[in-house]
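> Whatever this is, show me its structure:
(one chain, ligands or ions: 1)
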Amino acid sequence: MKITDVRCAVIGSNPVVRIVTDEGLSGYGEAEQYKPYLKPFVLHYRDALIGEDPTDVERCMLRIRKRGSFKPWGSAVSMIEMALWDVAGKAAGLPVYKLLGGKIRDKVRCYNGAIRRPMKGVSPEDYAAEAKWMKGLPHGFSFIKMGVAFHSQMKHEVPNFHYGELQERRSPFHGFAESALMTERGMAHLLDCVHAMKEVLGTEVGLALDCGPGFTVPDAIRFARAVEPLNLMWLEDTITGDYTPYVNADVYRDLTMSTTTPIHTGEQIYLRQNFKGLIEGHAVNIVGPDPCDIGGIAELKWVAEYADLHGILMAPHGTGNGVLGIAALVQVCATLPENFIAFELPTASHDWWWDIVDGLPAPLVQNSLIEVWDRPGMGVELNPERTKPHLKEEDAGFFD
Ligand SMILES: [Mg+2]
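Residues are numbered from 1 along each chain as shown. Here you go, the predicted model:
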């Protein structure tokens with residue numbers, strides 16, 4: 001089998017890649033809804049892939065992998081990897097999880113880090129209200145993740161939250177590095193919000209916190225120690241993370257060794273080599289790569305095994321990866337070792353996305369679990385007839 005074309009369409013706001021082959025099979029992959037600008041980067045790899053056998057996934061990846069980088073630039077490579085596995089699975093008549101070594105679980109756990117409604121403010125009462133709403137969602141999530149401190153409007157809306165000048169340095173780019181030492185008042189406000197959420201959630205629904213990046217090390221240690229009695233799931237991206245193009249594993253180690261609160265990072269990191277310091281240095285307790293940023297699902301599985309070997313847990317990121325992204329996460333997470341906790345359930349950029357993809361179970365999530373399906377490839381299909389009305393004019397030939 002040979003690749004005859006690599007196409008990319010922005011559907012809603014998600015870039016979607018289609019690998020076209022000479023045997024009538026196609027494979028699809030999708031990246032986050034926040035990254036429509038990736039389309040030219042996806043097409044940049046076209047010439048390197050045409051003529052290659054898509055079922056030799058690793059051989060194809062060797063032709064393009066070194067042209068990727070940390071989030072967001074690794075996404076173009078990652079979504080192509082997922083599309084290659086989709087073709088390979090369809091060609092073999094097997095679900096992708098079989099090609100990755102087989103599933104070890106029939107249901108995969110997910111958590112809520114993305115299903116949101118607009119927050120009224122950043123007071124402890126506002127946080128408690130959101131926690132209550134999330135606790136009542138029909139998915140029955142076993143735990144939720146909330147953005148606080150530098151990963152929320154708290155840093156801008158709470159007066160004298162920190163000693164920096166972040167308002168003046170605000171950037172149009174999400175996650176752009178903003179860092180400052182917090183004031184005593186800022187830390188007290190943050191702790192009040194966390195306590196308010198825990199009061200609502202009790203021990204029935206766990207709480208993880210997306211915190212930064214932006215914490216200084218002393219504040220991160222102070223905060224992690226202060227919440228120790230609350231048994232949080234984890235503190236994510238305190239020091240680096242999100243869109244930070246480096247890791248700083250040694251700095252994370254200082255934090256992780258100072259507290260019993262689990263420390264988590266890794267959503268922006270591209271490739272296994274860049275997890276080396278975190279994992280071999282035991283610099284965090286949990287890694288959270290995104291299959292759509294790390295370089296694909298096989299790369300994510302490799303890092304999960306590597307982390308497991310070192311007693312480090314795995315909770316993959318997935319916020320905006322969309323409906324095809326859910327399928328990719330289910331396929332790979334079904335195969336991960338026992339260090340797997342849960343993946344972050346992606347949302348779709350538009351409600352109609354749920355109608356243009358066939359093959360997902362309905363309801364998708366029950367008691368925080370998704371049943372693993374057995375159809376070939378990723379096991380979901382973009383329905384051309386229902387998708388076409390949503391294609392932009394320049395993408396009209398996507399399914400031709
Ligand atoms: Mg995060």
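
> domains in the protein, as residue ranges please.
3-94+383-395, 98-377 (automatic domain parsing).

> Who does I144 form a beta bridge with?
Under DSSP bridges, the beta-bridge partners of I144 are N112, L207.

> That one: neighbour count?
Neighbour count of I144, defined by other CB atoms under 10 Å: 24. Using the backbone N, CA and C atoms, a C-beta is placed for each residue, glycine as well.

> just F398 next, same as before
The number of residues packed near F398 is 21, by other CB under 10 Å.

> which non-adjacent residue is nearest it?
With CB to CB, 6 or more residues apart in numbering as the measure, A9 is the residue that lies nearest to F398, at 4.2 Å, once sequence neighbours are left out.

> again, but for G277
Nearest in space to G277, with sequence neighbours left out and distances taken as CB to CB, 6+ apart, is A249 at 3.1 Å.

> And the pLDDT at that neighbour?
Per-residue confidence at A249 stands at 98 (pLDDT).

> picking up where we left off before, my guess is the residue nearest to F398 contacts G397. True?
No - taking contacts as CB atoms under 8 Å, A9 lies outside contact range of G397: 9.1 Å.

> Show me which parts of stretch 245-260 are buried, residue by residue.
Neighbour-count burial for stretch 245-260, with 16 or more other CB atoms under 10 Å as criterion, is recorded at 247-249, 252-253, 255-256, 258-259.

> which one of these sits closest to L271?
Nearest to L271 among the buried residues of stretch 245-260 is V247, at 11.3 Å by CB to CB.

> ok, the closest one - contacts?
Contacts were defined as CB atoms under 8 Å, 6 or more residues apart in numbering; by that measure V247 touches 240, 265, 269, 274-275, 277-278.

> Dump those to CSV, plus secondary structure, distance to C193 and neighbour count.
Shown next, in CSV, are the contacts of V247 (DSSP: H, G, I helix; E, B strand; the rest coil; distance: CB to CB, whole Å; neighbours: other CB atoms under 10 Å):
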residue, secondary structure, distance to C193, neighbour count
T240, coil, 23, 24
T265, strand, 21, 35
I269, coil, 28, 28
N274, helix, 32, 22
F275, helix, 31, 26
G277, helix, 32, 16
L278, helix, 28, 26
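
> Identify the farthest-apart pair in those.
Comparing all pairs in these by CB to CB, the longest separation belongs to T240 and F275, at 13.0 Å.

> thought M134 was touching S142?
No - the criterion here is CB under 8 Å, and M134 misses it with S142 at 11.6 Å.

> Now do the buried residues in the worst-scoring helix or strand of the chain on mean pLDDT.
Least confident helix or strand, the chain: helix 154-157 with a mean of 92, by mean pLDDT, DSSP states H and E. Of the residues in helix 154-157, 154-155 count as buried by neighbour count, 16+ other CB under 10 Å.

> got the contact list for it?
121-122, 148-149, 161-162, 166-167, 170, 178, 180, 186, 189-190, 193, 214.

> run the last query once more with 7 Å
Outside of helix 154-157, the residues that reach it under the criterion CB atoms under 7 Å, 6 or more residues apart in numbering are 122, 148-149, 161-162, 166-167, 178, 190, 214.

> What of stretch 52-66?
1-3, 19, 21, 27, 45, 48-49, 77, 80-81, 84-85, 87-88, 91, 295, 298.

> switch to 8 Å and redo it
For stretch 52-66, the external contacting residues (CB under 8 Å, 6+ apart) are 1-3, 19, 21, 27, 45, 48-49, 77, 80-81, 84-85, 87-88, 91-92, 271, 295-296, 298.

> nearest spatial neighbour of E280, skipping sequence neighbours?
Taking CB to CB, 6+ apart, and ignoring the residues beside it in sequence, E280 has H310 as its nearest neighbour in space, at 6.8 Å.
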